[in-house]
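# one predicted model, sequence on top.
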Amino acid sequence: MVSDGGEGSVYGFRLSSVVPATVTGEDKVHGLSNMDLAMKLHYLKGVYFFRREAVEGLTISDLKEPMFEWLKLYYPTSGRIRRSESGRPMIRCNDGGVRIVEAQCDKSVDEWMAMEDHDIHNCLTYDQVLGPDLAFSPLVFIQLTWFKCGAMSVGLSWAHVLGDVVSASDFINMWGSIMAGHAPPRSLGTNPTSPKPQFHQKLSQKPFSLKMTHPLGDHWLLPGSNHPRMGTRCFHVTLDQLKRLLSAHSGPHAQSQPFQLLSAIMWKTLAKIQGESEPKIVTVCRNSYGERGDGEILKNAMVVSRVEADIGVAEADVSDLAKLIAEKTVCENGMIEETVGGDDGKSDFIVYGANLTFVNLEEVKLFGLEIQGHKPVWASYSIGGVGDEGAFLVLPAPDGDGGRTVTAILPENQLAWLRRELKDEWGIA
């Protein structure tokens, strides 16, 4: 097996821009909520793999042409960050454009996916960061990478300040829909102002799920100094494995759900690796279509909660940990919004990795992007800007599989231990 991490295999990068089909207007503003601003140091990275038959005969012009109408619908994604007179960030909808990256890969798609010890997203999604020239930084990059076998990957780099994974996946799925000739909606809702929640009394405690960094100004990048180097790996849990795990580790009176059980397994495994410093408080993020109103296309609508274990995690039964995640979550959205809004959104925070974080993406329409009637053979998301405590994302596996993909984002020195423990103890690879 090849294990070079993919560096050097992807080459020939070409950058261009696509803008909305019609002029939006310099005066139009997309307001950012306090929850949006809580996520501003995080970046979403999605990658979709298509076989040769899905993209055969397509040119770069064929792929770009539908983007003009697409971005007309999603015009804030072509905007740029500005600050109000108070210093609060917002998006000026100035049609600055979305960056398109074209690249080549000297491996086949099967060779790429079979590589060991590498992040499957590496080199296939553009390495995005907002700033230090914040007013000129694109919010979205789309990377189209052609493999030597004729297959293609679509890599989405998405500033989390725009919206959560539901927003990002719906965005890319709409591109496929317009490419297929389906008429887009006439318009979708945006935030014309910066909404601020109203609180009737000052909350008595700070959220555990939010961690303030030192001021970063206009460079929205979690500093690398004094932080471990983070790595990303994907683990596939088949439907048969999932059924066996659920059967063996559900409680006596309740059936565990896949997200709860897989999170419990990862929590227990990481606790064994960390020993006395095992994580007792974790963050659970739930992304759901039920948390947004009609037409709300760009929104950080996830529910962010904390879970605290009053038992030894490494020695606990996973069914007990799964029950904690199912029944003992404490929602912290209100506290997060109040904290971020305290200085009008000018301070800098992280959510993912402030504690060990579990992200439920089971409802995301991960395989909704179609090209010439073909769905991706594989798709996955990762997150940039994760703090030291790490994060796990639980996503649906390919349509018809019934299993799950678990994306781990952890300090690199813990990933090797995690792989061994998951394989030896749970048969997960």
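Perfect, thanks for sending it.
# quick one, what contacts Leu222?
Taking CB atoms under 8 Å, 6 or more residues apart in numbering, we find Leu222 in contact with Leu41, Thr213, Ile350, Gly385, Gly387. For glycine as for every other residue, the C-beta is placed from the backbone atoms N, C-alpha and C.
# tell me the one among those residues nearest to Leu321.
Among those, Gly387 lies closest to Leu321 (CB to CB), at 21.5 Å.
# just the pLDDT at that closest one, thanks.
Gly387 is assigned 96 on the pLDDT scale.
# from Trp267, how far off is it?
Per CB to CB, to the nearest Å, Gly387 is found 16 Å from Trp267.
# for Ala21, same thing?
Ala21 is 47 Å from Trp267, by CB to CB.
# who has more neighbours, the two?
Taking neighbours as other CB atoms under 10 Å, Ala21 and Trp267 compare with Trp267 leading, 25 against 14.
# that one and Glu278, how far apart?
Distance from Trp267 to Glu278, by CB to CB: 9 Å.
# any residues in contact with both of these two?
The contact lists of Trp267 and Glu278 share Val313, where a contact means CB under 8 Å, 6+ apart.
# dump the residue contacts of the residue nearest the centre of the chain.
Nearest to the geometric centre of the chain sits Leu44, at 3.8 Å (CA atoms, centre = their mean). Neighbouring residues of Leu44 by CB under 8 Å, 6+ apart: Leu156, Ser157, Trp158, His160, Val165, Ala168, Tyr381, Ser382, Ile383, Gly384.
# so which of the residues you listed is the closest to Gly150?
When these are compared against Gly150 (criterion: CB to CB), the nearest one is Leu156, at 21.4 Å.
# check which helix or strand the closest one maps to.
Secondary structure from DSSP states H and E places Leu156 in strand 152-159.
# who are the packing partners of that strand?
strand 43-50, strand 140-147, helix 165-179 (3 or more CB pairs under 8 Å, 6 or more residues apart in numbering; DSSP states H and E).
# that older thread, which non-adjacent residue is nearest the residue nearest to the centre of the chain?
Trp158 (4.3 Å; CB to CB, 6 or more residues apart in numbering).
# ok, the one you found touching Val140?
Yes: look at Trp158 against Val140 with CB atoms under 8 Å: they come within range, at 5.7 Å.
# now the contacts of Leu44 in a markdown table, with distance to Leu261, pLDDT and neighbour count?
Converted to a markdown table, the contacts of Leu44 look like this (distance: CB to CB, whole Å; pLDDT from 0 to 100; neighbours: other CB atoms under 10 Å):
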| residue | distance to Leu261 | pLDDT | neighbour count |
| --- | --- | --- | --- |
| Leu156 | 29 | 98 | 23 |
| Ser157 | 31 | 98 | 25 |
| Trp158 | 29 | 98 | 28 |
| His160 | 27 | 98 | 25 |
| Val165 | 21 | 96 | 24 |
| Ala168 | 26 | 97 | 24 |
| Tyr381 | 20 | 96 | 24 |
| Ser382 | 22 | 96 | 23 |
| Ile383 | 22 | 97 | 23 |
| Gly384 | 27 | 96 | 24 |
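# which residues in the stretch 51-200 of the chain form strands?
80-83, 89-92, 98-105, 140-147, 152-159 (DSSP state E, counting those that start in this stretch).
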